[in-house]
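[1] quick one: sequence and predicted model below, then my questions.
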Amino acid sequence: MPAPPRTSGGYRDYPAEATTRLAFIRDAQHAGLTLVEIRSVLVLRDCGQAPCGHVTDLIDQHLEEIDRRIAELRTTRTALRDLALRAAETDPATCAEDGICTILSVR
């Protein structure tokens, strides 16, 4: 946001469109856009260009990243479930002293 002008009393005098701009920033953050990405959208709009194509690209990038993270989390969940089963079958009394933890050691 550009610095607003000040009144003779020193108060900031925001223009009416500042509310719209702040609401857009809030909505874009809720959609997962970073401040850098939001700035890039605002720069396009401030230059008189419709940022719709750019916003679509940003949304697609975020969706791809979320899909990648979900896949990683599913893989991690599967590995942890396997480890939980191994842990349930492990008797701490039989742990070898030369290792650290047989549950996490590759068999």
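    Sure, I can see it. Keep in mind that what you see is a predicted model, and the values were worked out from it rather than measured. Residues are numbered from 1 along each chain as shown.

[2] now the helices for this structure?
    Ranges of helices in the chain, per DSSP state H, are 17-30, 35-46, 52-89.

[3] compute the inter-axis angle for the first one and helix 35-46.
    In other words, helix 17-30. 140 degrees (axes from the mean of the first three to the mean of the last three C-alpha atoms, to 10 degrees).

[4] on contacts alone, who are the packing partners of helix 17-30?
    helix 35-46 (3 or more C-beta pairs under 8 Å, 6 or more residues apart in numbering; DSSP states H and E). Placement of C-beta: from N, CA and C, glycine included.

[5] could you pull out the buried residues of the helix it packs on?
    Of all the residues in helix 35-46, those buried under the rule 16 or more other C-beta atoms under 10 Å are Glu37, Ile38, Ser40, Val41, Leu42, Leu44.

[6] how far away is Tyr14 from Ile25?
    Noted for Tyr14: a distance of 14 Å to Ile25, by C-beta to C-beta, to the nearest Å.

[7] neighbour count winner among those two?
    Taking other C-beta atoms under 10 Å, Tyr14 and Ile25 do not tie; Ile25 has more neighbours (17 against 13).

[8] residue contacts, that one?
    Ile38 (C-beta atoms under 8 Å, 6 or more residues apart in numbering).

[9] give me the residue at the spatial middle of the chain.
    Against the mean C-alpha coordinate of the chain, by C-alpha atoms, centre = their mean, the closest residue is Gly32 at 5.8 Å.

[10] list the contacts for it?
    Contact analysis of Gly32 by C-beta under 8 Å, 6+ apart lists His62.

[11] confidence score at it?
    Residue-level confidence at Gly32 comes out at 96, pLDDT.

[12] what do you get for Ser105?
    On the pLDDT scale, Ser105 gets 79.

[13] which non-adjacent residue is nearest it?
    Gly99 (5.8 Å; C-beta to C-beta, 6 or more residues apart in numbering).
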